[in-house]
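Visitor: my questions concern the predicted model and sequence given below.
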Amino acid sequence: MASPNKPVRWGVLGAGRIAEGVLPRIADASGCVVTAVASRDLAKARAMAQRTGRIGDPSAAACAYDDLLTRDDVDAVYVTLPNHLHFAWCQRLLRSGKHVLCEKPMVATRREAEALRDVASSRGVAIVEGFMWMHHPQTLRLEELAQAGDASPIGRLLKIRSHRNVRTTDAYILATRLSHAMQGGALMDIGCYPISAAMLLAGAAPDWSTLRARADLAPPLPGETRAVDDTIEFAWTFNNGVEFEGEASFSRGTGVFLELVGTRGVARTTFPYSPDPVRQPLVVAGSEELIEHGGERFTNQFTHFAAALRAQQQSSHGSAAVRPGMDLSIRIADAIERIHQHVGIVWDHASARRA
Ligand SMILES: NC(=O)c1ccc[n+]([C@@H]2O[C@H](COP(=O)([O-])OP(=O)(O)OC[C@H]3O[C@@H](n4cnc5c(N)ncnc54)[C@H](OP(=O)(O)O)[C@@H]3O)[C@@H](O)[C@H]2O)c1
């Protein structure tokens, strides 16, 4: 474990696209250093460590996946594997006493999310889901607007709408995103963002008796027999009456937004999940608010995690106050599982648990 005044030493698990993009952002984050990069291919890990130019000794940093479980220069691991490997690797890392930041979506079922919460708590380590958009001040402003009731400029919250449609033809991306074996699909890859927004902002638990969902499935990948969703629509009402409507698609025209509809007006952003670090406009009841210098969301996320771990160590009791907490991640996993069940997508849990 890191001592209170020393930086959190990060290992990165998997040397794919998101790892490549985010590794420099970890190095930028306050209270963080990267000491290890794990890949099935050592040369690939070494090359990635080298390319960032931010790791002291790229050769020493490069390692195999299993090495992360025992390296004593690694306090926390950033899990960037395909979705079907998240649960098993998070569980192994937590059991080894490592803190974990797992890429979204952490898992596809409530049972797995609860199991990870329990193992983290029993080992006294922290786990957090990589919803980096929650670490930008625009999100904090949306929370205020949603939760201020009649005092909010939009009035009392009535409805949340969010679409994340990202038209994708990139064969490299689709090889994992359309794979049933790898727990792909539009809901897992991009629909988890609108779900996370609804769970963060609604202010109540869902009334699952109101769930509606429909999906267009992509053809199964060569070598696979089962299909995942190319496009998915989902909606439900929360117990406080707030309605939610979400959509995610790999083939509908690119379109992303988050809208809060209140009794007196609407708050709307077209960059809810990738807000600008310098200048992010947000339209609130017809007027534009400018959120300036909100910071880079991934850097903010790692800075926040390191600060939460430091605060936990200094208080020497309780769990780290990470964002999102596992209570939120459990509700997100629950929603994902229920929507999948509703549209007839089921996973093979035996393979989902294999590391
Ligand atoms: N927060 C965000 O904005 C964001 C953006 C994109 C993706 N993500 C999430 O990050 C995760 C990874 O996405 P990615 O786009 O980085 O994927 P990717 O480029 O395919 O990278 C995943 C890495 O996992 C490792 N891996 C282990 N077993 C594998 C297998 N059977 N097939 C393929 N790769 C395997 C590989 O690393 P080695 O070869 O080095 O072992 C691979 O490079 C997903 O959960 C995704 O949802 C998040």
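Guide: The structure has been received and is ready for your questions.

Visitor: quick check: phi and psi at the closest residue to Arg156 other than its chain neighbours.
Guide: Distances taken as Cβ to Cβ, 6 or more residues apart in numbering place Thr263 nearest to Arg156, at 4.7 Å, with adjacent residues excluded. Every C-beta, even on glycine, is put in place using the N, C-alpha and C of the backbone. Backbone torsions of Thr263, given as degrees, to the nearest 10, read phi -70, psi -20.

Visitor: report the beta-bridge partners for the closest residue to the ligand within the stretch 101-250 of the chain.
Guide: Nearest residue of the stretch 101-250 of the chain to the ligand (Cβ to the nearest ligand atom) works out as Glu103 at 3.5 Å. Using DSSP bridges, the bridge partners assigned to Glu103 are Gly130.

Visitor: who touches the residue of the chain found nearest the ligand in this structure?
Guide: Closest to the ligand within the chain is Gly16: 1.9 Å, counting by Cβ to the nearest ligand atom. The contact partners of Gly16, taken as Cβ atoms under 8 Å, 6 or more residues apart in numbering, are Thr80.

Visitor: show me the shaky parts of this protein.
Guide: Scanning the chain with the threshold set as pLDDT under 70 gives 1-4, 316-317, 349-355.

Visitor: name the residues of it found near the ligand, please.
Guide: Selection of the chain residues close to the ligand by Cβ under 6 Å from any ligand atom yields 14-19, 39-41, 44, 80-83, 85, 103-104, 130, 132, 176, 189.

Visitor: mind checking which of those residues land in strands?
Guide: Judged by DSSP state E, the residues of the chain next to the ligand include Glu103, Gly130 as members of strands.

Visitor: among the residues of the chain next to the ligand, which ones are buried?
Guide: Listed as buried from the residues of the chain next to the ligand are 14-16, 18-19, 39, 80-83, 85, 103-104, 130, 132, 176, 189; burial here means 16 or more other Cβ atoms under 10 Å.

Visitor: my guess is the residue of the stretch 101-250 of the chain closest to the ligand meets Val128, correct?
Guide: No. Counting by Cβ atoms under 8 Å, Glu103 stays clear of Val128, with 10.7 Å between them.

Visitor: who are the contact partners of Ala50?
Guide: No, residue 50 isn't Ala; it's Gln. Pro58.

Visitor: against Ser152, how distant is the residue of the chain closest to the ligand?
Guide: Noted for Gly16: a distance of 41 Å to Ser152, by Cβ to Cβ, to the nearest Å.

Visitor: kindly report the same for Arg54.
Guide: On the measure of Cβ to Cβ, Arg54 and Ser152 end up 42 Å apart.

Visitor: and those two? Which one has more around it.
Guide: Using other Cβ atoms under 10 Å as the criterion, Arg54 and Ser152 rank with Ser152 on top: 21 against 15.

Visitor: for the more buried one, give me its contacts.
Guide: Contacts of Ser152 (Cβ under 8 Å, 6+ apart): Glu144, Leu145, Ala146, Gly262, Arg264.

Visitor: from those, which two are the most distant?
Guide: Within those, Glu144 and Arg264 form the most distant pair, 14.9 Å apart (Cβ to Cβ).

Visitor: at which residues are the helices of the protein located?
Guide: All helices of the chain, identified by DSSP state H, fall at 17-28, 42-52, 58-61, 67-70, 86-95, 110-123, 137-147, 171-177, 186, 192-201, 297-315, 326-343, 349-352.
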